[in-house]
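**Q** with the sequence up front, the predicted model follows.
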Amino acid sequence: MQASPLFMPDGVTAMPDSAASRRTPRRRKFDIVLYGASGFVGRQTVAYLAAHARTLALGLRWGLAGRNPDKLAQARKAAGPGASEAAIIVAPADDAQALARLARSASVVLNTAGPFALSGSALVQACVDSGTHYVDITGETPWVRQMIDRHHAQAAQMRTRIIPCCGFDSVPSDLGAWMLMQAMQQRHGVPCVDVKAAFTLRGGVNGGTLASALNLWDSGSAQALADPFLLDPEGAGSHDVRAHADPVLPVFNGDFQAWLGPFVMGPINTRVVRRSAALLGYGANFHYQEYQRVGGGLVAGAAALSLSAGMRVSKAALGLSPVRRLAARLMPGPGEGPSRERMDQGWFRCELVGRSATGQRVRARIEDQGDPGNRATTKMVCEAALALLGDTQELPGGAGHGGVLTPASGLGGALVQRLRQAGMTLQVED
């Protein structure tokens, strides 16, 4: 199922693992630098790593980076004694020299500063130039497409992993599909040709997420979201766009015994999973789609219909600049988000079903307590960054692998294991 360790997507040839592993890079000044550490999710990443910094075998040497040193110091203080050793690094998003120094000092950069299309491109450039691994929480797939076009080949040649979309966009979807492919191969010796995911969740929206979404429309990039294969590698092959189009109407699905409606994050997550499918060789006939689970019965059917209609109206409304300006005034601003109590009460559940061409079926479940867009996202991206500090031979493709990747193609089982150890359920059902 998986591509050869010597195969690099988009036609790039990597150094064999044996040669790459003989080159042991010196340990850099920092293991991880958190960029955007004073933002809403950024402050949570500081607290998360502060709680784990002293549990690592060699201790964590880390820094907090951003534009405002006073706000960074406040974030460090708020995280408690575990963050006291984190350095403060001033590096505005438009200061290329400061970003280059930051990237050269770090083994891994973790970026939470959105909108990424406005503030992330120079940082990714610095990481690629410095051979520094990078993860973020973006869901801005048009921007990710730009990063692929600009940096994939160089990152692959330098064996550097640039891995966007490591939050709730799109870890559950991507790892869930990957787990089902693994399970189908192990149990039946054949791949999945179809995977469906159904989400239920409770959570809130932070100002950074809203700003990223509004910028997609303000910049004109939202039109690119209509391409179901937006993130596929060049030369990945032709596809029937209609067969992979985002759902717009509710359906009753027998595998879930429930009414399913369109999922607001589906146009993001499906593109990431399809890139993983191309990079890891799931097969030319692989199909992935995801939904929001509403429930069974006639009432749930009516609710699914209302959900579908509401999403279509919302999408049309966001195309109007006055509506976007009003939304920006009424919704949380950058640095703001749900209360601690509301985040504690949040949760998510992702159920997945995979089928083979001959009818075998496998199921998986991914779930966790805590607001998915904030608490779960923090856990996912921090564990992704920590996974990159481990033995690279345990990561997909080994030490010779790099490029602009996805959670599954860049982290795979290493991230699955870390998230399980962190208390998240990622389970293939019997």
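**A** It's in.

**Q** what about stretch 390-401, distance to the chain center?
**A** On the basis of C-alpha atoms, centre = their mean, to the nearest Å, stretch 390-401 sits 19 Å off its chain's mean C-alpha point.

**Q** now do stretch 285-303
**A** Offset of stretch 285-303 from its chain centre (C-alpha atoms, centre = their mean): 23 Å.

**Q** alpha carbons of it, as CSV, please.
**A** Taking only C-alpha atoms (Å, rounded to 0.1, in the frame of the first residue of the first chain), the coordinates of stretch 285-303 have been written out as CSV:
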residue,chain,number,x,y,z
ASN,A,285,-9.8,3.9,-7.2
PHE,A,286,-9.7,5.2,-3.7
HIS,A,287,-12.7,7.4,-2.7
TYR,A,288,-13.0,9.4,0.5
GLN,A,289,-16.0,11.5,1.8
GLU,A,290,-17.1,12.9,5.1
TYR,A,291,-20.3,14.1,6.7
GLN,A,292,-21.8,15.5,9.9
ARG,A,293,-23.9,12.8,11.6
VAL,A,294,-27.3,14.1,12.7
GLY,A,295,-29.1,10.9,13.9
GLY,A,296,-31.8,8.5,13.0
GLY,A,297,-35.5,9.0,12.5
LEU,A,298,-37.7,11.5,10.7
VAL,A,299,-36.8,14.4,13.0
ALA,A,300,-33.1,13.8,12.4
GLY,A,301,-33.8,13.7,8.6
ALA,A,302,-35.5,17.1,8.8
ALA,A,303,-32.6,18.4,10.9
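
**Q** buried set for that stretch?
**A** 286-294, 300-301, 303 (16 or more other C-beta atoms under 10 Å). Using the backbone N, CA and C atoms, a C-beta is placed for each residue, glycine as well.

**Q** which ones among those lie within strands?
**A** Among these, DSSP state E puts 287-294 in strands.

**Q** show me which pair in the residues you listed is furthest apart.
**A** H287 and V294 (22.0 Å; C-beta to C-beta).

**Q** which residues does stretch 177-189 contact?
**A** 1, 190-192, 195, 197, 273, 276-277, 280, 282, 288, 352-354, 356, 360, 362-364, 408, 412-413, 416, 426, 428 (C-beta atoms under 8 Å, 6 or more residues apart in numbering).

**Q** stretch 38-45 now?
**A** Contacts of stretch 38-45 (C-beta under 8 Å, 6+ apart): 34-37, 64, 66, 68, 71-72, 74-75, 78-79, 110, 112-113, 137, 167, 206-208, 334-337, 374-375, 377-378, 381-382.

**Q** in helices only, show me these.
**A** Among these, the members found in helices (DSSP state H) are 71-72, 74-75, 78, 207-208, 377-378, 381-382.

**Q** nearest to R242, of those?
**A** Among these, T377 lies closest to R242 (C-beta to C-beta), at 32.2 Å.

**Q** low-confidence stretches in the stretch 51-200 of the chain?
**A** For the stretch 51-200 of the chain, the stretches with pLDDT under 70 are 54-58.

**Q** that one: helices as residue ranges?
**A** For the stretch 51-200 of the chain, the helices defined by DSSP state H, counting those that start in this stretch cover 69-78, 96-105, 116-119, 121-130, 141-157, 171-188.

**Q** helices or strands up against the second one?
**A** This means helix 96-105. Contacts defined by 3 or more C-beta pairs under 8 Å, 6 or more residues apart in numbering; DSSP states H and E place helix 96-105 against strand 30-35, strand 62-66, strand 87-90, helix 121-130.

**Q** hmm, E85 and A53 touching each other?
**A** Yes - assessed by C-beta atoms under 8 Å, A53 is found in contact with E85 at 7.3 Å.

**Q** now the common contact residues for the two.
**A** Joint contacts of A53 and E85 (C-beta under 8 Å, 6+ apart) are W62.

**Q** who's more crowded, those two?
**A** Legend: neighbour count by other C-beta atoms under 10 Å for A53 and E85, higher for A53 (20 against 15).

**Q** spatially, what comes nearest to the more buried one if we skip its sequence neighbours?
**A** Nearest residue to A53, sequence neighbours excluded (C-beta to C-beta, 6 or more residues apart in numbering): L60, at 4.0 Å.

**Q** do the same with L102
**A** Per C-beta to C-beta, 6+ apart, closest to L102 is A91, 4.7 Å.

**Q** now the ones in helices among the contacts of stretch 38-45: which count as buried?
**A** Neighbour counting by 16+ other C-beta under 10 Å classes 71-72, 75, 207-208, 377-378, 381-382 among these as buried.

**Q** for the residues you listed, which one is nearest L118?
**A** Distance to L118 across these (C-beta to C-beta) is lowest for G208, with 11.2 Å.

**Q** so S212 touches T138, yeah?
**A** Yes - taking contacts as C-beta under 8 Å, S212 lies within contact range of T138: 7.1 Å.
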